[in-house]
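**Student:** how would this look folded up:
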Amino acid sequence: MGKKPKTDGKAPPAAGMRRGLTSYGDQGFSLFLRKAFIKGAGYTDDALARPVIGIVNTGSAYNPCHGNMPQLIEAVKRGIMLAGGLPMDFPTISIHESFAAPTSMYLRNLMSMDTEEMIRAQPMDAVVLIGGCDKTVPAQLMGAASANIPAIQLITGSMLTGAHRGERVGACTDCRRYWARYRAEEIDDDEIADVNNQLVASVGTCSVMGTASTMACIAEAIGMTVPGGASPPAVTADRIRVAEETGARAVQLAHSGLTVDKILTEKAFDNALRVLLAIGGSTNAIVHLAAIAGRVGLEIDLARLDRMGRETPVLLDLKPSGSHYMEDLHKAGGVATLLRELKPLLHLDAITVNGVTLGEQLEAQGPGFAQDVVRSFGNPIYPQGGLAVLRGNLAPGGAIIKQSAADARLMEHEGRAVVFDNLQDLAERIDDEALDVHADDMLVLKNIGPLGAPGMPEAGYIPIPRKLARQGVKDMVRISDGRMSGTAFGSIVLHVTPEAAIGGPLAYVRTGDRIRLSVSKREISLLVSEQELARRAQERPVAKPAAGRGYRKLFLENVTQADKGVDFEFLRAESLQRKTT
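**Tutor:** Residues are numbered from 1 along each chain as shown. Modelled structure (predicted):
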């Protein structure tokens with residue numbers, strides 16, 4: 001008989017089916033019972049001895065952005081099995097922008113909790129996170145960061161573009177453009193019905209640089225996907241091949257034990273912010289990155305983001321800042337094409353889920369080729385980053401503007417405030433012919449922040465009053481404590497912090513007040529004295545929103561402001577290590 005191997009007396013770390021055993025007071029029995037039940041599904045001891053790879057299944061009839069989920073899961077399972085692992089898919093909450101009331105952001109934290117706890121509760125050595133729609137990828141990265149096991153993100157992919165009367169169209173920048181034309185009575189009922197059939201040509205996420213595409217690009221840049229994982233459209237063979245590769249890579253992660261905290265580092269977030277600025281990405285991504293960073297004990301520094309923005313031009317020619325769509329970026333070489341151009345500004349030594357550094361990964365992807373979707377530094381779409389951080393007495397905690405999608409004529413502007421107290425007030429008065437409003441006014445919407453709505457809806461894209469739209473007005477300065485879809489465009493100030501619902505200065509703005517916006521000075525100021533604001537606050541004190549029970553009560557009592565990611569305070573890391581600098 002051979003000699004028994006020497007040991008240090010310690011039991012090997014739990015793996016596979018031995019991970020996270022259910023508590024019955026007898027670990028041997030716990031494993032025996034677990035294996036007995038799983039064998040009822042036909043598994044053999046050989047299968048159960050392999051690395052277990054969880055697959056987060058977010059398929060839903062309510063979520064066409066994830067409409068290719070069955071094909072992706074099949075390909076991921078194939079990759080896992082080819083690499084010697086055991087695939088186990090399981091469901092979590094699935095959130096779609098257009099089907100979640102009152103707003104998808106209201107449910108993002110719940111999805112992150114579902115993801116984290118199901119990863120913790122079930123035996124898996126690594127996990128594949130499959131998501132695509134705006135809040136699903138952030139929720140999954142938040143949950144995986146908190147669970148902190150080896151994890152890899154698989155993006156569902158963008159939809160194909162359609163065509164309307166000879167014009168290429170895609171959701172959802174073109175949705176907003178055509179709806180604005182319909183409101184202005186430039187097109188009729190028949191045409192708006194026709195274009196409605198063409199805006200979404202297949203399953204998949206929005207084909208422009210909205211939040212879904214932004215988070216896809218960030219997931220690759222931050223090191224959480226396989227190379228080229230962001231850009232393949234949902235219904236292409238390339239997307240299926242990425243899924244198979246993701247499954248295989250997950251098995252390697254299980255063997256190496258490369259956990260999420262080793263990837264989501266300070267340098268990785270710095271790279272993510274660079275890419276966000278260079279793609280003219282969604283303002284929502286700042287909130288999501290703040291939430292993900294908070295889960296690993298980091299804090300996004302908005303001042304740092306703004307400094308980076310001054311030296312990072314918009315290089316990606318995609319709507320709404322440019323003219324192309326996601327499938328064009330894929331044909332142009334994907335995110336790697338952008339990263340090559342950004343090389344001097346990136347931390348190339350940041351580690352990725354592929355077990356190599358970002359720089360090594362780029363080298364392996366080759367030199368690139370001639371294309372016209374990603375511009376050079378010498379020929380940018382916009383000379384500065386797509387986003388700018390504003391401060392002033394109206395937003396002591398900061399506000400955001402997507403300057404690359406705004407009207408340059410309004411970037412230095414002083415105007416009279418036309419105020420709407422909440423969403424109902426906006427709905428009732430915005431199209432009233434008697435509304436006292438002019439093209440050089442500033443539209444102000446209160447109480448659509450994290451607590452105010454609740455859930456910080458994407459209502460910051462305040463519609464142009466109908467009577468002005470009919471006169472040909474296409475843009476106005478609009479200000480709120482809410483969010484805006486990344487697919488939207490216009491001179492829109494968002495994420496005003498603190499929000500009105502907790503007594504931020506925005507709560508006390510009145511119609512007729514003067515407001516000054518200066519993007520060059522990064523200023524948003526209410527031209528009202530501190531004494532007058534204090535008098536207004538005393539005259540009409542703000543009552544913080546509350547609820548008697550359920551998830552709404554949990555949300556209202558625990559949600560943070562926009563600068564901290566609109567996460568629940570109790571889900572953030574127990575201690576923040578440092579700001580990203």
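**Student:** And the strands in the stretch 251-400 of the chain?
**Tutor:** 298-299, 387-392, 395-402 (DSSP state E, counting those that start in this stretch).
**Student:** Let me know the distance separating Leu346 from Ile381.
**Tutor:** 19 Å (CB to CB, to the nearest Å). Just so you know, the C-beta spots here come from the backbone N, C-alpha and C atoms, and that holds for glycine as well.
**Student:** Please read the previous query as pertaining to Glu266.
**Tutor:** Glu266 is 28 Å from Ile381, by CB to CB.
**Student:** Compare the two (neighbour count), which wins?
**Tutor:** Shown here are Glu266 and Ile381; by other CB atoms under 10 Å, Ile381 has more neighbours (20 against 17).
**Student:** ok, for Lys343, nearest residue in space, not its chain neighbours?
**Tutor:** Nearest non-adjacent residue to Lys343, counting by CB to CB, 6 or more residues apart in numbering: Leu362, 7.3 Å away.
**Student:** Quick check, the one you found in contact with Arg340.
**Tutor:** Yes: under the criterion of CB atoms under 8 Å, Leu362 makes contact with Arg340 at 6.3 Å.
**Student:** Who has more neighbours out of the two?
**Tutor:** Each of Leu362 and Arg340 has its neighbours counted (other CB under 10 Å); Leu362 has more, 20 against 17.
**Student:** Tell me which stretches of the stretch 451-581 of the chain form strands.
**Tutor:** Counting by DSSP E, counting those that start in this stretch, one finds strands in the stretch 451-581 of the chain at the ranges 477-480, 492-497, 514-518, 523-526, 578-579.
**Student:** Adding mean pLDDT, mean neighbour count and distance to Val56, write those strands out as TSV.
**Tutor:** As requested, those are exported to TSV (pLDDT from 0 to 100; neighbours: other CB atoms under 10 Å; distance: least, CB to CB, whole Å):
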stretch	mean pLDDT	mean neighbour count	distance to Val56
strand 477-480	98	27	33
strand 492-497	97	28	29
strand 514-518	98	18	42
strand 523-526	98	20	39
strand 578-579	50	12	30
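**Student:** could I get those strands as JSON lines with distance to Leu554?
**Tutor:** Formatted as JSON lines, these follow (distance: least, CB to CB, whole Å):
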{"stretch": "strand 477-480", "distance to Leu554": "25"}
{"stretch": "strand 492-497", "distance to Leu554": "22"}
{"stretch": "strand 514-518", "distance to Leu554": "35"}
{"stretch": "strand 523-526", "distance to Leu554": "32"}
{"stretch": "strand 578-579", "distance to Leu554": "28"}
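**Student:** Show me the one of those that comes nearest Gly131.
**Tutor:** For the strands of the stretch 451-581 of the chain, distance to Gly131 was read as CB to CB. The smallest value, 23.1 Å, belongs to strand 492-497.
**Student:** Now do that closest one: which elements does it pack against?
**Tutor:** strand 395-402, strand 477-480 (3 or more CB pairs under 8 Å, 6 or more residues apart in numbering; DSSP states H and E).
**Student:** Quick one: distance of stretch 444-461 to the chain centre.
**Tutor:** Averaging C-alpha positions (CA atoms, centre = their mean, to the nearest Å) puts stretch 444-461 17 Å from its chain's average.
**Student:** Kindly format the C-alpha coordinates of it as CSV.
**Tutor:** Taking C-alpha atoms only, stretch 444-461 is exported to CSV below (Å, rounded to 0.1, in the frame of the first residue of the first chain):
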residue,chain,number,x,y,z
VAL,A,444,-37.2,72.4,-12.4
LEU,A,445,-38.7,69.1,-11.1
LYS,A,446,-38.6,68.3,-7.4
ASN,A,447,-39.2,65.1,-5.4
ILE,A,448,-38.0,62.4,-7.9
GLY,A,449,-34.8,61.5,-6.0
PRO,A,450,-34.1,58.2,-4.2
LEU,A,451,-36.7,58.8,-1.5
GLY,A,452,-38.9,61.3,-3.2
ALA,A,453,-40.5,59.2,-5.9
PRO,A,454,-39.3,56.7,-4.4
GLY,A,455,-36.6,55.0,-6.4
MET,A,456,-35.2,57.9,-8.4
PRO,A,457,-37.1,57.4,-11.7
GLU,A,458,-35.7,58.4,-15.1
ALA,A,459,-38.1,61.4,-15.2
GLY,A,460,-35.3,64.0,-15.3
TYR,A,461,-35.8,64.0,-19.1
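**Student:** Give me the buried stretch members for it, please.
**Tutor:** The neighbour-count check on stretch 444-461 (16 or more other CB atoms under 10 Å) flags 444-461 as buried.
**Student:** what do you get for stretch 22-34?
**Tutor:** Buried residues in stretch 22-34 (16+ other CB under 10 Å): 30-31, 34.
**Student:** ok, His255 to Arg249 distance?
**Tutor:** His255 is 11 Å from Arg249, by CB to CB.
**Student:** for Ala212, same thing?
**Tutor:** Taking CB to CB as the measure, Ala212 falls 22 Å from Arg249.
**Student:** Show me which of the two is the more surrounded one.
**Tutor:** Using other CB under 10 Å, the more surrounded residue of Ala212 and Arg249 is Ala212, with 35 against 25.
**Student:** For the closest residue to Leu199 other than its chain neighbours, the count of nearby residues, please.
**Tutor:** Of all residues not flanking Leu199 in the chain, Ala171 sits nearest, at 4.9 Å (CB to CB, 6+ apart). Neighbours of Ala171 under the rule other CB under 10 Å: 26.
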